[in-house]
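K.L.:
pasted the sequence and its predicted model underneath.
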Amino acid sequence: MDQRERIADSGEAIRSMFDDMLANAWTSMPGIVQSFNAAKGTVVVQIAIKSRVLGQNGKFTFQALSVLVDVPVVFPAGGGFIITFPITAGDECLVVFSDRCIDTWFQQGGVQIPGEIRVHDLADGMAIVGPFSQPRVPASINTTALEMRTVDRSAYIQLTAAGAVNIVAPGGVHVTGTVTASGEGTFNGSHTVSAHIHGGVTPGGGNTGTPTG
């Protein structure tokens, strides 16, 4: 029993009742990924905030919640396109809990009736991977350009406000398919496509030598 219920104050008793109701209404919580099922697009998540539990001795303790299983992952997607990325154990996420049971929707898609009559339940979470606690905040966040990057920023694709696209790829850039470009091209820092020439060329059906400029 909440100690406030012993007070002869109906207002305090009502506040106590609402506090108890809110304590069981889950909205969103930070979590830590335990595992990722790429085939199902789900994660197993440990909620990162412990729950306050009243023991039989009348004292409160803080306990970790049970892990959440089969939590759908929210990837940015729409219009036939999607951005995906690998998810590994230890990644931090935000678990958002649905107002109603999502089981039938999750299994069948489309517009469905709720599989069970439950609200704001721990069983109805969806994981948005990406929030960072302070010890895990990525270094060197670019404040003027959009970047798709590795966490350590050893490789990235950058789109600037001026409309330039810059790519840093120590592992190389590999393209499958036809590459079409308009405008001048520069390689090795100084050689341009329009001024590209070869030496050792004679008329006939032979091949040219390596580029000289």
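P.N.:
Arrived safely.
K.L.:
these two touch, right, Gly55 and Gln63?
P.N.:
No - counting by CB atoms under 8 Å, Gly55 does not reach Gln63; the two are 9.7 Å apart. C-betas here are computed from N, CA, C, even on glycine.
K.L.:
ok, for Val33, nearest residue in space, not its chain neighbours?
P.N.:
Nearest residue to Val33, sequence neighbours excluded (CB to CB, 6 or more residues apart in numbering): Asp91, at 4.4 Å.
K.L.:
list the contacts for Thr88?
P.N.:
Val33, Phe36 (CB atoms under 8 Å, 6 or more residues apart in numbering).
K.L.:
tell me the SS of it?
P.N.:
Under DSSP: H, G, I helix; E, B strand; the rest coil, Thr88 falls in the coil class.
K.L.:
same question for Trp105.
P.N.:
Reduced to three states by three-state DSSP, Trp105 is helix.
K.L.:
wait, it touches Ile113, no?
P.N.:
No - the pair Trp105 / Ile113 is not scored as a contact, 9.4 Å apart, by CB under 8 Å.
K.L.:
of these two, give the one with the bigger neighbour count.
P.N.:
Counted by other CB atoms under 10 Å, Trp105 and Ile113 do not tie: Trp105 has more neighbours, with 18 against 8.
K.L.:
quick one: the closest residue to that one other than its chain neighbours from Val71, how far?
P.N.:
In space, and not counting its chain neighbours, Trp105 is closest to Gln112: 4.8 Å by CB to CB, 6+ apart. Between Gln112 and Val71 the distance is 18 Å, computed by CB to CB, to the nearest Å.
K.L.:
so what's Arg153 up against?
P.N.:
Here Arg153 is in contact with Pro138, Ala139, Ser140, Glu147 (criterion: CB under 8 Å, 6+ apart).
K.L.:
before we move on, what about Thr150?
P.N.:
By CB under 8 Å, 6+ apart, the contact list for Thr150 reads Tyr156.
K.L.:
tell me the strands in this structure, going along the chain?
P.N.:
For the chain, the strands defined by DSSP state E occupy 28-37, 42-47, 51-54, 60-63, 68-72, 77-78, 81-82, 92-97, 125-129, 146-149, 156-159, 165-168, 186-187, 191-192.
K.L.:
could you dump the ones you listed to CSV with distance to Ile117?
P.N.:
As requested, the strands of the chain are exported to CSV (distance: least, CB to CB, whole Å):
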stretch, distance to Ile117
strand 28-37, 22
strand 42-47, 23
strand 51-54, 23
strand 60-63, 27
strand 68-72, 20
strand 77-78, 30
strand 81-82, 33
strand 92-97, 16
strand 125-129, 18
strand 146-149, 42
strand 156-159, 47
strand 165-168, 51
strand 186-187, 65
strand 191-192, 69
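K.L.:
and the residue minimising distance to the centre of the chain, what pLDDT?
P.N.:
Most central in the chain under CA atoms, centre = their mean is Val129, positioned 3.0 Å from the mean C-alpha point. Val129 is assigned a pLDDT of 97 by the prediction.
K.L.:
wait, it sits on Val33?
P.N.:
Yes - Val129 is within contact range of Val33, at 7.0 Å (criterion: CB under 8 Å).
K.L.:
now do the shared contacts for those two.
P.N.:
Contacts common to Val129 and Val33, judged by CB under 8 Å, 6+ apart, are Val43, Ile87, Asp91, Glu92, Cys93.
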